[in-house]
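**Student:** pasting the structure only:
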């Protein structure tokens, strides 16, 4: 039994700041009041405890209210990535069999499916309020959020994240990062990602202010860091670089109260680590995924330069093992266990348990060194990470392979100075076609960041004896170009 | 499933300081090494996972090693109060049906019972080592410690404290108090009390240094506070006063890094709060008990003077209700619920569940104000708190009533400038007897702090219609004297 997060938090520290955005701020009491009003308005729209909805919006204050309204009311939320195409969104909301889609008005055009109710935020906030019975306590196994992630098949799977997953993730994190009375965590990550959502969870559990940006803005962020108006922040590599450039340009260093720069979504270049050091920004590299409700391992700032390339050690309640490894540095698949690991999927993958004997096989290849630090040497399913977004090659391959003039296709990641990586497609055609046509074709079906940056026409794909596509060879071809 | 605390901690931060005592200190790696050696030596003495032992020692470094050895090995520990008489100790170890008593050599004379093995610390540390299979993970329901506490009957009950009880207590506490990289918690409380033991648990969960004193020393403590060598501390009222006197005498204030003075064991006089304020010591008054594995509610330092007399609000995962109360300020019995609440007793009270519908009735009378702050207005079973030690009148009454010249007896607490309270006995004799004789009689059977400070001879005891002793009237008689 775990207390309804915001309900307990507003009882404990009603007057602490919960949320700020530009010049405005909200105490936990105010956040609770608005979210409770929204929850009563959702009830008027027939949405209540036990229902599952999909939520599509920007990462702004209204979205935070809507998320807390759903949490207070006990409504399961499928968090939709607003960068996806309408086709991708329809696939997810249909797979999730949601009762309704709640959408910020500006995203109306993104929802084509007619299989469920469609309710705009303005409809909700203009509704009258209906009373509802609030659950003071939650079952640990209750699903809070569902986030879709692709994999080897290229078909997105809806990952369940329970009350216990989110709670234990926040608790493990606090034991690792510490917590101070005046902590303010800057959120410029999308709220529909676990990286952003987990900051909201920490806020209600810790009684901590979230400073919210709808969009990342390096100049403003740099200022918050050197003026000491924030103490913690989550970034991906590309954001970190831009912040460092700003600080360097202005010849500033981080304020002494700045404690943690949690850097996820792939490894951080050594050059960035050194520059961050010079700017007095403690970088904590982290390894996590949707299936683990955020961080599973984190490298402490003290170890950043001593253990370059490492993702650190597991958080207190988490465990990591390398499948089959019998000694330090032996490579193998990374397995994860702990209270933060998802119990499973919804929708068409509902029956496919992600766990093997209680452990989550990540698909990533890695090793533990003699001190038990984790190193990831190869990403799962040839995962491409572009600006912190995960891209699975199979998803792009599935789309391109359906084009009438394409015979077969293989996708891999290409290094990119800004985004870390971008996807590149190697195409074998059945009939002559221009690269532009194929890109346009992709744009209609894939989120922009998934559309290949290059299309390379070739005679045949590299395959092994059992005809499996060898994406690693594609990468070698690229590096030879 | 919760990781074996010290085993996980030594993996995560082997080189952090775990423990210090006078000029010596031990890293988690060193603490783990010594404790593992002790565990292997316990194994040679036939003690291993699943066994229950009783532990009797001073609150020193060797005791910490021995405690961790038992935890690592999965041995349940009955924590014996070393201030008890041999009769009281025998009662507890026989009730607990322990396999053995482990005792620091200087306490040998305290153990009379022959119903179990008696193994001195020196026997253990001179034994050869035997390998044992260590459990990497614990079941949350596994009993870690058993602490005896008396109640209305005067018979001590062995309270089970599980892995989950201790873990969730430490986690709730960190959300309330915060945690910093350089935190050092000074422990001058007995390790056999939950107030002291819980500091050891926080240490391994947080990766935090415990600075240990075998005995409280106001002068030394004051110095640590103004020099900033400690950041947190637990006290009872009498200790706080002595520390304040020292700081005042030396005209010192607490170092800026000193964060928390957690004050338990009864309420703190207003005068102390004001003086602590002047010395820049943040006082957090707390309400907890053996059955809740330490704190259940805590008053923040900011509220200390605004909410005088309050025990604060529950910690995040805890809940408090006033039985039968339908509005703010209505008095009633305090009920507690949460993952920190004991599942029950061992020994002769094993079958008596302490819970009612999942809630722990504390016996204390209190109320919640309109903001939800808890106030305790009357202690359970006329509990007397003397220098932070709980004394149940019935326990003293049981002893005195057995004296051949005593007809009947009633005990209540009397205000005391240093100890807060001391017990006073009202005695109706069947035959003339001197007070000295009765006191001496008590000394053989009761820990020193339980022996009445005054014995008052009277004609008859105040009783109600159903013949129940009215201890409250005894108190009124005292105040009229």
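**Tutor:** Yep, that arrived. Everything numeric here is computed off the predicted structure, so don't read it as measured data.

**Student:** how close does residue A:390 sit to chain B?
**Tutor:** Look at residue A:390 and chain B: by Cβ to the nearest Cβ, to the nearest Å, they are 27 Å apart. Placement of C-beta: from N, CA and C, glycine included.

**Student:** actually residue A:28, sorry about that
**Tutor:** To chain B, residue A:28 is 13 Å away according to Cβ to the nearest Cβ.

**Student:** same question, residue A:268
**Tutor:** To chain B, residue A:268 is 21 Å away according to Cβ to the nearest Cβ.

**Student:** Does that residue belong to a helix, a strand or coil?
**Tutor:** Secondary structure, DSSP: H, G, I helix; E, B strand; the rest coil: residue A:268 is coil.

**Student:** Can you name the residues that contact residue A:100?
**Tutor:** A:45, A:46, A:47, A:51, A:53, A:54, A:116, A:117, A:118, A:119 (Cβ atoms under 8 Å, 6 or more residues apart in numbering or on different chains).

**Student:** Please disregard the earlier target; I meant residue A:118.
**Tutor:** Counting by Cβ under 8 Å, 6+ apart, residue A:118 makes contact with A:100, A:101, A:103, A:108, A:111.

**Student:** is it true that the fourth one touches residue A:122?
**Tutor:** In other words, residue A:108. No - checked against Cβ atoms under 8 Å, the pair residue A:108 and residue A:122 is beyond contact range at 10.1 Å.

**Student:** quick one on the thing from earlier: got the contacts of residue A:100 as a markdown table, with secondary structure and pLDDT columns?
**Tutor:** Shown next, in a markdown table, are these (DSSP: H, G, I helix; E, B strand; the rest coil; pLDDT from 0 to 100):
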| residue | secondary structure | pLDDT |
| --- | --- | --- |
| A:45 | coil | 98 |
| A:46 | coil | 97 |
| A:47 | coil | 97 |
| A:51 | coil | 98 |
| A:53 | strand | 98 |
| A:54 | strand | 98 |
| A:116 | coil | 94 |
| A:117 | strand | 96 |
| A:118 | strand | 97 |
| A:119 | strand | 98 |
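
**Student:** Now residue A:279: phi and psi?
**Tutor:** Torsion angles at residue A:279 (phi, psi; degrees, to the nearest 10) stand at phi -90, psi 10.

**Student:** Let me know the closest of the contacts of residue A:100 to chain B.
**Tutor:** residue A:51 (26.4 Å; Cβ to the nearest Cβ).

**Student:** tally of neighbours for residue A:347?
**Tutor:** By other Cβ atoms under 10 Å in any protein chain shown, 18 other residues sit near residue A:347.

**Student:** Let me see the backbone angles for it.
**Tutor:** Taking degrees, to the nearest 10 as the convention, residue A:347 sits at phi 70, psi -150.

**Student:** thought it was touching residue A:157?
**Tutor:** Yes - Residue A:347 is within contact range of residue A:157, at 7.4 Å (criterion: Cβ under 8 Å).

**Student:** one step back: please, a PyMOL command that selects the buried ones among the contacts of residue A:118?
**Tutor:** This is how PyMOL selects the buried members of those, with burial counted by 16 or more other Cβ atoms under 10 Å in any protein chain shown:
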select buried, chain A and resi 100+101+103+111
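
**Student:** any idea which of the contacts of residue A:118 is closest to chain B?
**Tutor:** When the contacts of residue A:118 are compared against chain B (criterion: Cβ to the nearest Cβ), the nearest one is residue A:100, at 31.8 Å.

**Student:** pLDDT wise, what is that closest one at?
**Tutor:** In this model, residue A:100 is scored at 98, pLDDT.

**Student:** Please report how far the nearest residue to it once chain neighbours are set aside lies from residue B:424.
**Tutor:** Using Cβ to Cβ, 6 or more residues apart in numbering or on different chains and skipping the chain neighbours, the partner closest in space to residue A:100 is residue A:117 (3.7 Å). Going from residue A:117 to residue B:424 by Cβ to Cβ, to the nearest Å gives 72 Å.

**Student:** neighbour-wise, which of these two wins?
**Tutor:** residue B:424 (24 against 14).

**Student:** okay but the more buried one is in contact with residue B:451, surely?
**Tutor:** No - contact criterion Cβ under 8 Å: residue B:424 and residue B:451 do not qualify, at 11.0 Å.

**Student:** Contacts only, for the residue sitting nearest the centre point of chain A.
**Tutor:** With the centre of chain A defined as its mean C-alpha position, the nearest residue by Cα atoms, centre = their mean is residue A:193, 3.1 Å away. For residue A:193, the contact set (Cβ under 8 Å, 6+ apart) comprises A:79, A:81, A:147, A:388.

**Student:** Now residue A:135. Nearest residue, chain neighbours left out?
**Tutor:** What sits nearest to residue A:135 in space, not counting adjacent residues and going by Cβ to Cβ, 6+ apart, is residue A:74, at 5.5 Å.

**Student:** which phi and psi does the one you found have?
**Tutor:** Main-chain torsions, residue A:74, degrees, to the nearest 10: phi 80, psi 30.

**Student:** Tally up the residues packed near it, please.
**Tutor:** By the measure other Cβ under 10 Å, the count of residues near residue A:74 is 19.

**Student:** contacting residues around it?
**Tutor:** Residue A:74 neighbours (Cβ under 8 Å, 6+ apart): A:48, A:49, A:50, A:135, A:138, A:142.

**Student:** Quick check: pLDDT value at it.
**Tutor:** On the pLDDT scale, residue A:74 is placed at 97.

**Student:** Over to the one 3 residues further on?
**Tutor:** Looking at residue A:77, its pLDDT is 98.
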